[in-house]
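[1] please work out how this folds:
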Amino acid sequence: MPERATTPWLGGIGLTVTGILFALAAVASTAFEIKQDHFVASKSQFLVAAVVCVVAVVGAFRLPNRSAARTTGWVPNPWLVGAATMIAGSIFLVVPNVWGWLAVGLYVLMDLMLIAAVSALSNRAGWNGQHRLALAGGAALAYAWHAFLEHPAVGNGGTSFRIGNAVFAAALIVLLVIAARRTASQSNTSHAIVMNS
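    As a prediction, this is how the structure comes out:
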């Protein structure tokens, strides 16, 4: 619901359960990948990855709250935000793994650029729920189109694979349209309240 978009949905118990489920899913996913590809990272790689994850999670909860006062300045159209996110997500998905550290460098550079842009723009007065939806929607659409190129983790693909991709992509688009309408309605209501106060 748009009116709850900026408030926490989970309390302490919910976050704990989510954390446990995430950890179990990570273990299961890792076991599946090892069985499929027979690749196992070194202990130092596992350790560095774990440290980075912990630092990122702790850092996210330690970030200071932004002041209620928002700055003025240009804010892009939500369509432009969604397009930029979809392009960035697509680049992430199509960069070949064989590029090695060059691929890693591109990922890091792109992530830092997006973080900087969103951090600056999201604190401006014109940024609203439509922009937040565009960020998520653009990223989801990148995965939706790329799914048609990706070899499935289970099975050999084929017609049923393409049909499944089409069904999920269509469902995503329907959900995004519904969410966009509700978010636009909420944004218009909030704007009217501000203008009348």
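
[2] and this protein, what are its domain boundaries?
    Following automatic domain parsing, one gets these domains for the chain: 10-63, 75-197.

[3] just those domains: most buried one?
    Ranked by mean neighbour count under mean count of other Cβ atoms under 10 Å, the domains of the chain are led by domain 75-197, which reaches a mean of 14. Any C-beta I mention is one placed from the backbone N, CA and C, and that applies to glycine too.

[4] of all the domains of the chain, which lies closest to Arg4?
    Arg4 lies closest, by Cβ to Cβ, to one member of the domains of the chain: domain 75-197, at 10.3 Å.

[5] kindly reformat the domains of the chain as TSV containing mean pLDDT and distance to Arg4.
    Output for those, formatted as TSV (pLDDT from 0 to 100; distance: least, Cβ to Cβ, whole Å):
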stretch	mean pLDDT	distance to Arg4
domain 10-63	88	12
domain 75-197	87	10
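
[6] for the chain, which segments count as helices?
    Using DSSP state H, the helices of the chain run over 12-37, 43-62, 78-94, 101-121, 129-146, 159-196.

[7] show me what the last one is packed up against.
    Spelled out, it's helix 159-196. Packing partners of helix 159-196 (3 or more Cβ pairs under 8 Å, 6 or more residues apart in numbering; DSSP states H and E): helix 129-146.

[8] sorry, back to before: could the helices of the chain go into TSV alongside distance to Thr71?
    Converted to TSV, those look like this (distance: least, Cβ to Cβ, whole Å):
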stretch	distance to Thr71
helix 12-37	31
helix 43-62	22
helix 78-94	17
helix 101-121	9
helix 129-146	15
helix 159-196	16
